[in-house]
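Trainee: based on what follows, work out the 3D shape:
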Amino acid sequence: MSDSFQPPVTLSRGSGTALWRQIEQTLEAELAAGVWAPGAKLPTEAELALRFAVNRLTLRQAIASLVERGLVRVEQGRGTFVQEPVIDYRIARRTRFSENITRQRREPTGRLLRMVELPASAPVARELGLRAGASVLLIETLGMADGRPVSVGSHYFSSARVPGLKSAFEGEGSITRSLKQIGVADYVRRRTRMTARPADSEEARLLQLPKHGPVLVSESVNVDAAGKPLEYGIARFAADRVQLVVET
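Mentor: Residues are numbered from 1 along each chain as shown. Below is the predicted model of the structure:
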């Protein structure tokens, strides 16, 4: 059974208010009262169906409405959770994932998805000022806040410009610290392009989103102290957990 046990509820059948709506209203009131903290897991579907003495289809209608309103989220295979406050992710001249998450009083962590050298596609080459097919280092990461995935980042660097970055990242696990280790003391953002679209299947899996759930996409170019392109990045943020805030 769940930790936050609540007593059985007798629904008013024949009252003119659908049973699923009564369940929704009861759970909404309990969420507002703080019965479950942000990020907490609700009782299982079976427990809730038993508590309200309804079938699972009726219960799912209530949960689906709460999801649509942004009060809870459903993670496939894990259950239903209280939605946390949205993270304000600042897009500024210096944009660093760990600093942004720490500023929100969350714990930033990351996981390396892959690190490979490959030929630059035409778009990547254009953004980095390279010829198409030139060797680039791709570092792809999963960014998390309090252990929950919030972004997938693809970071492209000219292999010729950052020799040693791959081995430095293997030791540091941080792009900023790795760049400092190989002599790039600072870098700033030249421009950012933002769009929104449905997540593809891999993004949905990594970010624990529903199929085709929305992602915010941030494409950016960072330059070194001399103004020369250093990094081309594409970040995909879970739109239900992050809002991008542009600072001027």
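Trainee: distance of the residue nearest the centre of the chain from Pro85?
Mentor: Centroid-nearest residue in the chain, with Cα atoms, centre = their mean: Val150, separated by 1.6 Å. Here the criterion is Cβ to Cβ, to the nearest Å. By it, Val150 lies 12 Å from Pro85. Just so you know, the C-beta spots here come from the backbone N, C-alpha and C atoms, and that holds for glycine as well.
Trainee: local confidence estimate at Val116?
Mentor: Here the pLDDT value assigned to Val116 is 98.
Trainee: same check, this time on the one 3 residues further on
Mentor: The predicted local distance difference test score for Pro119 is 98.
Trainee: burial count for the nearest residue to it once chain neighbours are set aside?
Mentor: Once flanking residues are discounted, Pro119 sits nearest to Gly133: 4.5 Å by Cβ to Cβ, 6 or more residues apart in numbering. By the criterion of other Cβ atoms under 10 Å, Gly133 has 12 neighbours.
Trainee: quick one: Gly227 is in a helix?
Mentor: No. Using DSSP: H, G, I helix; E, B strand; the rest coil, the assignment for Gly227 is coil, not a helix.
Trainee: in the least confident helix or strand in the chain by mean pLDDT, what counts as buried?
Mentor: One helix or strand of the chain scores below all others by mean pLDDT, DSSP states H and E: strand 72-75, with a mean of 86. Within strand 72-75, the residues that qualify as buried are 72-74, counting by 16 or more other Cβ atoms under 10 Å.
Trainee: could you do stretch 143-160 as well?
Mentor: Neighbour-count burial for stretch 143-160, counted by 16+ other Cβ under 10 Å, picks out 143-146, 148-159.
Trainee: now do the same end-to-end measure for stretch 240-248.
Mentor: From its first residue to its last, stretch 240-248 covers 24 Å (Cα to Cα, to the nearest Å).
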